[in-house]
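# Sequence unavailable; structure follows:
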């Protein structure tokens, strides 16, 4: 077992199959990786639809999406952890790129990459093109590590040493990079891409969603004023 993929999910019956099918089409041998789905107490058929396509499906015990990822990491058997979301589509070479980078760069403890819109509208392409540009600028200037939980990988021992994800409403996936940098190097690889669903931004409005998300991040990951949350995990 070389790598464990951890996927938090909550009421994702409409999306989980496409995500897991894309993960089952990876270019590395299937026996080299495991797929773990951590369910946040879904009230639909998420677990039933995930079970035939995943190696392990269980209900989370920790709170929020960061806690779901932590629960999956604790149960993971691989020395490398990769995280994504249940509504993402994963390119066939995603795990191959991750393993190649960790082998080539022994000092790297965390990897991340860009995201592309699944819903291919001009607005969505422009929004994510801007986000990907900011991610590159932040990385190469050392000012921001845009390590989204939908497209991140860790060395498991370093992830545990850093204290895993903080359990907050939002921003846990960016905050962890600051702690991982104390353990080793955090690297951006433009080849490490995922298809990202813009459905929540389309539903609530891109600028409103970004404003509330940034507000929560700036206030330590929680807020009583704003109701924004990336997932309604328990």
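Thanks, I have the structure now. Keep in mind that what you see is a predicted model, and the values were worked out from it rather than measured.

# State the distance from residue 151 to residue 41.
Residue 151 is 25 Å from residue 41, where distance means CB to CB, to the nearest Å. Yep, even glycine has a C-beta here, placed from its N, CA and C like the rest.

# Residue 18 now?
22 Å.

# So for the two, which sits in the more crowded spot?
Using other CB atoms under 10 Å, the more surrounded residue of residue 18 and residue 41 is residue 18, with 17 against 13.

# Can you read off the pLDDT for the more buried one?
On pLDDT, residue 18 comes in at 97.

# In which helix or strand does it reside?
Using DSSP states H and E, residue 18 sits in helix 16-23.

# which SS state does residue 116 fall under?
strand (DSSP: H, G, I helix; E, B strand; the rest coil).

# So it is in contact with residue 197, correct?
No. Applying CB atoms under 8 Å as the test, residue 116 and residue 197 come out as separate, 10.7 Å apart.

# More neighbours: the two, which one.
More crowded of residue 116 and residue 197, by other CB under 10 Å: residue 197, with 22 against 18.

# May I have the phi/psi pair for the more buried one?
Residue 197 adopts backbone torsions of phi -80, psi 130, taken as degrees, to the nearest 10.

# which residue packs closest to it, ignoring adjacent ones?
residue 87 (4.0 Å; CB to CB, 6 or more residues apart in numbering).

# Which stretches in the chain count as strands?
With DSSP state E as the criterion, the chain has strands at 3-9, 33-39, 56-59, 80-83, 108-112, 115-117, 152-155, 185-188, 194-196.

# so who does the residue nearest to residue 158 when sequence neighbours are not counted touch?
In space, and not counting its chain neighbours, residue 158 is closest to residue 109: 3.8 Å by CB to CB, 6+ apart. Taking CB atoms under 8 Å, 6 or more residues apart in numbering, we find residue 109 in contact with 154, 155, 158, 159, 162, 180, 183, 184, 185, 186.

# where in this protein is pLDDT low?
Along the chain, segments meeting pLDDT under 70 span 170, 199-234.

# Could you list the buried residues of the top helix by length along the chain?
The longest helix of the chain (DSSP state H) is helix 122-141. Judged by neighbour count (16 or more other CB atoms under 10 Å), helix 122-141 contains these buried residues: 124, 127, 128, 131, 132, 135, 138, 139.

# same thing with stretch 14-23?
By 16+ other CB under 10 Å, the buried positions in stretch 14-23 come out as 15, 16, 17, 18, 19, 20, 22, 23.

# Now do that stretch: everything it contacts.
Here stretch 14-23 has contacts from 5, 7, 9, 12, 35, 37, 46, 49-50, 53-54, 84-92, 195, 197, using CB under 8 Å, 6+ apart.

# Filter those down to the buried ones.
The buried subset of those - by 16+ other CB under 10 Å - is 5, 7, 9, 12, 35, 37, 46, 49-50, 53-54, 84-91, 195, 197.

# isn't residue 164 right next to residue 71, touching?
No. In this structure, residue 164 is not within contact of residue 71 by CB under 8 Å, at 9.8 Å.

# ok, now which ones touch residue 47?
Listed by CB under 8 Å, 6+ apart, the contact set of residue 47 reads 37, 39, 57, 59.

# any idea how far residue 57 is from it?
Distance of residue 47 to residue 57, given as CB to CB: 5 Å.

# which neighbours do the two share?
Common neighbours of residue 47 and residue 57, using CB under 8 Å, 6+ apart, are 37, 39.
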